[in-house]
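Asks: have a look at this fold, sequence not included:
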Ligand SMILES: Cc1cc2nc3c(=O)[nH]c(=O)nc-3n(C[C@H](O)[C@H](O)[C@H](O)COP(=O)(O)O)c2cc1C
């Protein structure tokens, strides 16, 4: 029997290197037209000390991006490794639009309410955007600038307020082993 060696492409090699980049695991809270949503994201970083700014990279068709465009605010909830952090993260591993799940056949179901059964309270400074009661820390942000970059859309948010809510270690991609990179 002749064995076949699978040839790795240069793209496979680059992807592998990019998979090594560590990320925090966040839930981005948005609200518009009376509907709130939580979206798991790891492409989040601080980009300025003064004023304090963060950037989040969104998929072009994410419903959260639509709510930020409409409403101008969002929250960033950093999940906790301790307690129910991992179980909480698992509840957000789906788009709110089920039609986005690759391979799902048939008529798309109704939008999923990822916040159902999760303890949250609405932000005042980022009006209505959900703050997860069990998040290690949260930020309340106002969208200042939106830039399309490659296949994602960057939302630059001014940090209006932020607070540590619990002790613990932040949940990271190294801990979950989940990959959104490459
Ligand atoms: C571990 C993980 C990390 C993710 N990171 C991002 C991200 O940084 N940006 C993004 O737009 N989507 C990210 N996604 C996909 C979103 O959570 C989501 O499925 C999609 O963007 C649409 O969500 P929405 O319609 O609820 O806004 C990630 C998914 C997983 C499982």
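Replies: In hand now; what should we look at? Quantities reported herein were computed from a predicted structural model and do not represent experimental measurements.
Asks: so, low pLDDT: which residues of this structure?
Replies: Where the chain drops to pLDDT under 70, the residues are 1-3, 95-110.
Asks: for it, what lies in contact range of the ligand?
Replies: Proximity of the chain to the ligand, by CB under 6 Å from any ligand atom, involves residues 37, 39-43, 57-59, 62-64, 93, 95-97, 178, 180. Where you see a C-beta, it was placed from the backbone N, CA and C, and this is true even at glycine.
Asks: mind checking which of those are buried?
Replies: 37, 39-43, 57-59, 62-64, 95-96 (16 or more other CB atoms under 10 Å).
Asks: show the end-to-end separation of stretch 115-135, please.
Replies: Using CA to CA, to the nearest Å, the end-to-end distance of stretch 115-135 comes out at 13 Å.
Asks: in strands, which of the residues of the chain next to the ligand appear?
Replies: With DSSP state E as the criterion, strands contain 37, 39, 40, 41, 57, 58, 59 from among the residues of the chain next to the ligand.
Asks: what's the burial count for the nearest residue to the third one once chain neighbours are set aside?
Replies: When you say that, I think you mean residue 40. When the adjacent residues along the chain are set aside, residue 40 lies closest to residue 92, with 3.9 Å between them (CB to CB, 6 or more residues apart in numbering). Other residues near residue 92 come to 24 when the count uses other CB atoms under 10 Å.
Asks: next one: residue 74
Replies: Applying other CB under 10 Å, I find that residue 74 has 29 neighbouring residues.
Asks: wait, residue 111 touches residue 63, no?
Replies: Yes: between residue 111 and residue 63 a contact is recorded at 7.4 Å, counting by CB atoms under 8 Å.
Asks: so what sits opposite the residue nearest the centre of the chain in the bridge?
Replies: The chain has residue 41 as the residue nearest its centroid, 1.9 Å off, counting by CA atoms, centre = their mean. Under the criterion DSSP bridges, residue 41 forms beta bridges with residue 26.
Asks: that one and residue 78, how far apart?
Replies: 11 Å (CB to CB, to the nearest Å).
Asks: anything in contact with each of those two?
Replies: Residues touching both residue 41 and residue 78 (CB atoms under 8 Å, 6 or more residues apart in numbering) are residue 26.
Asks: noted, bye for now.
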